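Novice: Mind folding the following:
(one chain, ligands or ions: 1)
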Amino acid sequence: MLTVDRIDLFYGAAQALRSVSIKAETGRILTVLGRNGVGKSSLLRAIVGQHMVASGAIRWNDHDVTRLPSHLRARSGFGYVPQGREIFPLLTVRENLMTGFAALKRAERVIDDEIFSLFPVLNDMLGRRGGDLSGGQQQQLAIARALVTKPKLLILDEPTEGIQPSIIKDIGRALVHLRRRGDMAILVVEQYFEWARDICDDYAVMDRGAVVLAGTREAMNEADVRGRMTV
Ligand SMILES: Nc1ncnc2c1ncn2[C@@H]1O[C@H](COP(=O)(O)OP(=O)(O)OP(=O)(O)O)[C@@H](O)[C@H]1O
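Specialist: Numbering: from 1, shown residues only. This next block holds a predicted model:
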């Protein structure tokens, strides 16, 4: 389980996170919802170690990772799909996937067939350059690249942003499949409420750097959540 315990994060004098606490459990999907600029990406950057927190703690299965550099968090099982995908445009699809090998021991450096069964289009395009793929295909590649690292915690920043509906559905199906496997905690930041609601087990809503609502999907009051998400 990932436990984020009352973290504060600053950019210079500006405070982006205010005593934020969340928990992401193995075998469940947690979605973090909120408007633009409320701190969702900052929370993910704190979790993966791209920006150090000023106070509070981040724990993964009882190990304190608060001060661990990001490459060691990757090695301990954090897979991150950043906003904007950040795939390498001049590398082929296969080469993009192989960049995920860096966090793995030599014997583990294989691309599981499961990844291609989740995203068959990637198998058909292994020799194509990443930059030649559509936005939706690039998003699938970014998720697949994270899966190559065999993550125990999969973290996605707005995976539906700018993507066509059929691929949004495929991504949802893939996350639900991975949840069902039961060996991964999934944390997904979203602004697309209905999609996130349908796939999640737990949710948290952020506003102005703080978590303002949280709970299980069954106990969610949709009107309250929507009220926090409209401008
Ligand atoms: N590198 C940075 N330097 C200074 N301020 C930043 C930086 N990154 C984000 N911020 C500010 O921190 C606040 C939270 O931004 P963040 O990107 O975490 O929000 P968000 O909810 O993910 O929004 P979006 O959906 O637009 O990505 C915003 O006010 C933003 O302007």
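Novice: distance of Glu25 from Leu72?
Specialist: 22 Å (CB to CB, to the nearest Å). C-beta coordinates here come from the backbone N, C-alpha and C atoms, glycine included.
Novice: cool, Leu133 as well?
Specialist: From Leu133 to Leu72 the distance is 31 Å (CB to CB).
Novice: Between these two, which has more neighbouring residues?
Specialist: Leu133 (21 against 13; other CB atoms under 10 Å).
Novice: from memory that one sits against Asn96, does it?
Specialist: No. Counting by CB atoms under 8 Å, Leu133 stays clear of Asn96, with 9.4 Å between them.
Novice: okay, now Gly27: neighbour count?
Specialist: Neighbours of Gly27 (other CB under 10 Å): 15.
Novice: Shouldn't Ser21 be within a strand?
Specialist: Yes. Assessed by DSSP: H, G, I helix; E, B strand; the rest coil, Ser21 belongs to a strand.
Novice: and it, how many residues sit next to it?
Specialist: For Ser21, using other CB under 10 Å, the count is 15.
Novice: I'd assumed Val211 was in contact with it.
Specialist: Yes. Shown here, Ser21 and Val211 form a contact pair, counting by CB under 8 Å, at 6.6 Å.
Novice: Go through this structure and flag its longest helix.
Specialist: helix 165-181 (DSSP state H).
Novice: Just the buried residues of that helix, please?
Specialist: Ile167, Ile168, Asp170, Ile171, Gly172, Ala174, Leu175, Leu178, Arg179 (16 or more other CB atoms under 10 Å).
Novice: rewinding a little: what touches both of Leu133 and Asn96?
Specialist: Ile87, Leu141 (CB atoms under 8 Å, 6 or more residues apart in numbering).
Novice: gap between Thr160 and Glu194?
Specialist: 10 Å.
Novice: who's more crowded, those two?
Specialist: Shown here are Thr160 and Glu194; by other CB under 10 Å, Thr160 has more neighbours (21 against 9).
Novice: residues in contact with Pro82?
Specialist: Going by CB under 8 Å, 6+ apart, the list of residues near Pro82 reads Leu44, Ala142, Asp157.
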